[in-house]
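Visitor: below are the sequence and a predicted model for it; my questions follow.
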Amino acid sequence: MTVSPQNLAHDAYRNLRDAILEGRLPPGAPLSRRRLAEQFGMSPVPVGDALTRLEAEGLVETRARAGSRVRIPAPSEIAGNYELREALETHSARLFAETASPAVRERLLAAAARLDAGFSILDRCPYDARRHARIERMHVAFHLLIARATGCSELVTAIERSRVLLFNWLFMLSAELAGLPPGWHTELAKALVSGKPEEAAEAMRTHVRYRRREVAEKLRELARRAAKQERMARGPQRRTGK
């Protein structure tokens, strides 16, 4: 059976996206269409389509004369997205405290407990990137659960489009950090289910700002390292006189 170009492009996209979000292709990793095509057993065309799709999602970047690589966000972009996330998620927390049903509040507490248990296992056990990726998926789902409980679809869409959750995910996969404080997400969930909007908003503000500087500095370090590797790969540049 002949596989359609659309299916090949989707397979390449799924394989590449999983590899990025599982840390097997870290920020700054080069992405050669030819090598990826050989690895996937397909032509470079569907791989190119997959890279274009990933670039639109903010996971890949293509630079002139340097090719494609897993994207490293600029420091200014990180700062801007954190400001945006803080504004969106503190408002989301406030609305959750005001409007969430008792059933949804219970769901949030249960999700927070599972998430804290997952991070605790990650700290205690030998590191496993796939396990970590699963926990980061839970982390994103936890924050989107809060947003969806507000009933404001525009707010949910805005938070999903804010790439800072994704940047934080990639950073956490590539960094060596001390574990989170015990009950980190459970304490946040308790503040949100309390029914006190200002208390919920302030708890979310503290949560969002945690490790913000570390994320920005780590991504600067990755950018510097990637730039150095590119210079070494190109070799010494020949000067030409007139």
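Guide: Sure, I can see it.

Visitor: got phi/psi on Val60?
Guide: Dihedral pair for Val60: phi -130, psi 150, per degrees, to the nearest 10.

Visitor: oops, could you answer that again for Gly28 instead?
Guide: phi 90, psi -10.

Visitor: ok, it to His143 distance?
Guide: Distance from Gly28 to His143, counting by Cβ to Cβ, to the nearest Å: 26 Å. Any C-beta I mention is one placed from the backbone N, CA and C, and that applies to glycine too.

Visitor: just Leu25 next, same as before
Guide: 24 Å.

Visitor: ok, those two, which is more surrounded?
Guide: Comparing Leu25 with His143 by neighbour count (other Cβ atoms under 10 Å), the higher total belongs to His143, at 23 against 20.

Visitor: from the chain's centre, how far out does whichever helix or strand the more buried one is part of sit?
Guide: Per DSSP states H and E: His143 is located in helix 129-149. Distance of helix 129-149 from the chain centroid (Cα atoms, centre = their mean, to the nearest Å) equals 10 Å.

Visitor: go through it and flag the buried ones.
Guide: Within helix 129-149, the residues that count as buried by 16 or more other Cβ atoms under 10 Å are 132-133, 135-136, 138-139, 142-143, 145-149.

Visitor: quick one: buried residues of whichever helix in the chain runs longest?
Guide: Looking across the chain with DSSP state H, the single longest helix is helix 75-99. By 16+ other Cβ under 10 Å, the buried positions in helix 75-99 come out as 77-78, 81-82, 84-86, 88-97.

Visitor: can you list the low-confidence ranges for this protein?
Guide: 1-3, 163-164, 167-168, 170-178, 230, 233-242 (pLDDT under 70).

Visitor: report the central residue of the protein.
Guide: Residue closest to the average C-alpha location in the chain (Cα atoms, centre = their mean): Leu166, at 1.7 Å.

Visitor: that one reaches Leu59, doesn't it?
Guide: Yes. Between Leu166 and Leu59 there is a contact at 7.4 Å, judged by Cβ atoms under 8 Å.

Visitor: got the buried residues of helix 129-149 as JSON lines, with distance to Leu122 columns?
Guide: Output for those, formatted as JSON lines (distance: Cβ to Cβ, whole Å):
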{"residue": "His132", "distance to Leu122": "6"}
{"residue": "Ala133", "distance to Leu122": "11"}
{"residue": "Ile135", "distance to Leu122": "6"}
{"residue": "Glu136", "distance to Leu122": "10"}
{"residue": "Met138", "distance to Leu122": "11"}
{"residue": "His139", "distance to Leu122": "11"}
{"residue": "Phe142", "distance to Leu122": "15"}
{"residue": "His143", "distance to Leu122": "18"}
{"residue": "Leu145", "distance to Leu122": "20"}
{"residue": "Ile146", "distance to Leu122": "22"}
{"residue": "Ala147", "distance to Leu122": "24"}
{"residue": "Arg148", "distance to Leu122": "26"}
{"residue": "Ala149", "distance to Leu122": "26"}
